[in-house]
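> sequence and predicted model, in that order:
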Amino acid sequence: MPIINRIAEFHPEMTAWRQDLHAHPELSMHEARTSAIVQDRLREFGVDEIITGMAEHGVVGVIRNGTSDRAIGLRADMDALPIQEETGLPHASQNPGVMHACGHDGHTTMLLGAAKYLAETRNFDGTVYLIFQPAEEFEAGADKMVKDNLFGRCPMDMVFGLHNWPQAPAGTFLWRTGPVMAAVAWFDITVTGKGSHGAFPHQGVDTIVVSAQIINALQTIVSRNVEPIQGGVVSVGHISGGEAYNILPEQVRMRGTARWFKPAVGDTIEQGVRRLATGIAASFGATAEVKFTRHAPATVNDEAATELAVAAARAVSGDAQVRTMRDPTMGGEDFAYMLNAKQGSYLMLGGGRGPDEPMLHHPRYDFNDEILPVGASWWAALTERMLPRKG
Ligand SMILES: [Zn+2]
Ligand SMILES: [Zn+2]
């Protein structure tokens, strides 16, 4: 069974849905239009129930069939990014400064395609929960849905997620058991000293020099505090302070991200960032305020769930198009919160873009509509495999 024929028939329709979502991207926790469209479509497909209001704009479509009490959760994300689109495409973003640069427009569409097929054919025995999640990029919408009792209201045995991976061949599935994506934190460091003239530094406390020491020292956390065989990274991505040749600013602000797999490594990194920033600042007579926010834990795939997901991928794309990922990636994913609470797995689907073409989060990236029926067929095959009809 390659791409499901009935789903291939929806391809033009799915392409139109995807491009409409692409033209109207919405930031994390602002997915009102997208959520309304998802609800309209699910109603039109004839799903049995639509649950709204989880994590504000979250939607769960429910399709029941037969007598089995087994249930599967299929999850897509709906939000876009604060990026000014530069694709110049006819369906480019109409919202200035907001863009579907991570392909969540494609993810939402693939799950809608599966919803249409599953509601129409009902070739399964049990319950399917179609989970449309807000705020993957920021604000941890998956965590919010779990806290809004997603798994209590929608009791499912396993939950699955899928992300497009532009640089892998189109329609190829990538998988691995165990950790697949890293845990993610953001940090803010504000160094406060005493402003002064650049010619009379002895009259102040120079926050630029203090910040330089902090940035260098942060690079010793992974190399000196984390056990060498464990993965981890600390990166400062932003620094601002001062604007003149000869004025030493009172304050410098830094922002950065940290990634890891083992929770204990996360604790070491957080303690390290706090200790070094405040300690170094104090030793120079300045102060540092540190905000360290954990965005998501590591995404860890369950073995049995992954086996099922891989079998469905092989059925759709063929054995040669299903490959193991040798290593996990340092990218992060808030689906981790769902996998922390429920057995499940998260796969990647290749987008067929070349090595020099734009990657995720790039202003010229666009989801490849060719793979819409592949993803939708995978969701459908996975459901029919996990909830087989008797006889
Ligand atoms: Zn993203
Ligand atoms: Zn994404």
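That came through, no problem. Ligands and ions are numbered 1, 2, ... in the order given.
> would you confirm that residue 176 contacts residue 301?
Yes: Residue 176 lies in contact with residue 301 (C-beta atoms under 8 Å); the separation is 6.6 Å. In short, each C-beta sits where N, CA and C put it, glycine included.
> please identify which of those two sits among more neighbours.
residue 301 (23 against 20; other C-beta atoms under 10 Å).
> isn't that one right up against residue 161?
No: in this structure, residue 301 is not within contact of residue 161 by C-beta under 8 Å, at 9.7 Å.
> which residues are in contact with each of these two?
Here residue 301 and residue 161 have 344, 345, 346 as joint contacts, going by C-beta atoms under 8 Å, 6 or more residues apart in numbering.
> ranges for the helices of the stretch 251-391 of the chain?
Applying DSSP state H, counting those that start in this stretch to the stretch 251-391 of the chain gives helices spanning 263-283, 303-317, 336-341, 372-386.
> buried deepest among these, which one?
Among those, the stretch with the highest mean neighbour count (mean count of other C-beta atoms under 10 Å) is helix 372-386, at a mean of 26.
> ok, back up a step: any chance of the helices of the stretch 251-391 of the chain in TSV, plus distance to residue 131 and mean pLDDT?
Shown next, in TSV, are the helices of the stretch 251-391 of the chain (distance: least, C-beta to C-beta, whole Å; pLDDT from 0 to 100):
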stretch	distance to residue 131	mean pLDDT
helix 263-283	25	98
helix 303-317	15	98
helix 336-341	8	97
helix 372-386	11	98
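> export these as JSON lines, with columns for distance to residue 223.
Compiled in JSON lines, the helices of the stretch 251-391 of the chain are given as follows (distance: least, C-beta to C-beta, whole Å):
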{"stretch": "helix 263-283", "distance to residue 223": "11"}
{"stretch": "helix 303-317", "distance to residue 223": "33"}
{"stretch": "helix 336-341", "distance to residue 223": "26"}
{"stretch": "helix 372-386", "distance to residue 223": "40"}
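> among the ones you listed, which is nearest residue 129?
In terms of C-beta to C-beta, the element of those nearest to residue 129 is helix 372-386, at 10.3 Å.
> elements contacting the closest one?
Counting by 3 or more C-beta pairs under 8 Å, 6 or more residues apart in numbering; DSSP states H and E, the packing neighbours recorded for helix 372-386 are helix 5-9, helix 11-23, strand 71-77, helix 104-121, strand 158-165, helix 303-317, strand 344-350.
> for residue 150, which non-adjacent residue is spatially closest?
residue 54 (6.1 Å; C-beta to C-beta, 6 or more residues apart in numbering).
> residue 52 looks like it's in a helix, true?
No: read with DSSP: H, G, I helix; E, B strand; the rest coil, residue 52 is strand and lies in no helix.
> residue 7 against residue 376, yeah?
Yes: counting by C-beta under 8 Å, residue 376 is a contact partner of residue 7 at 4.9 Å.
> what residues are shared contacts of the two?
Common neighbours of residue 7 and residue 376 (C-beta under 8 Å, 6+ apart) are 113, 114, 117.
> neighbour count for those residues - can I get that in TSV?
What follows is these, written out as TSV (neighbours: other C-beta atoms under 10 Å):
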residue	neighbour count
113	28
114	28
117	24
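> ok, so of the residues you listed, who is nearest residue 357?
For those, the closest approach to residue 357 (C-beta to C-beta) belongs to residue 113, at 24.3 Å.
> got the contact list for residue 333?
For residue 333, the contact set (C-beta under 8 Å, 6+ apart) comprises 136, 161, 163, 181, 296, 299, 346.
> for the third one, list each beta-bridge partner.
What that stands for is residue 163. residue 348 (DSSP bridges).
> what residues sit buried inside the helix or strand containing residue 152?
Element membership of residue 152 [criterion: DSSP states H and E] is helix 150-153. Buried residues in helix 150-153, counted by 16 or more other C-beta atoms under 10 Å: residue 150.
> now for that helix, which elements pack on it?
Applying 3+ C-beta pairs under 8 Å, 6+ apart, one finds that helix 150-153 contacts strand 49-54.
> sheet partners, orientation included, of the strand it packs on?
Strand pairing for strand 49-54, using DSSP bridges, gives strand 58-65 (antiparallel).
> now do the strand it pairs with against strand 71-77, angle only.
In this structure, strand 58-65 runs at an angle of 150 degrees to strand 71-77, with axes from the mean of the first three to the mean of the last three C-alpha atoms, to 10 degrees as the basis.
> that older thread, out of the helices of the stretch 251-391 of the chain, the one nearest residue 40 is which?
helix 372-386 (18.0 Å).
> next, the angle helix 104-121 makes with the closest one.
Taking the same axes, to 10 degrees, one finds that helix 372-386 is oriented at 50 degrees with respect to helix 104-121.
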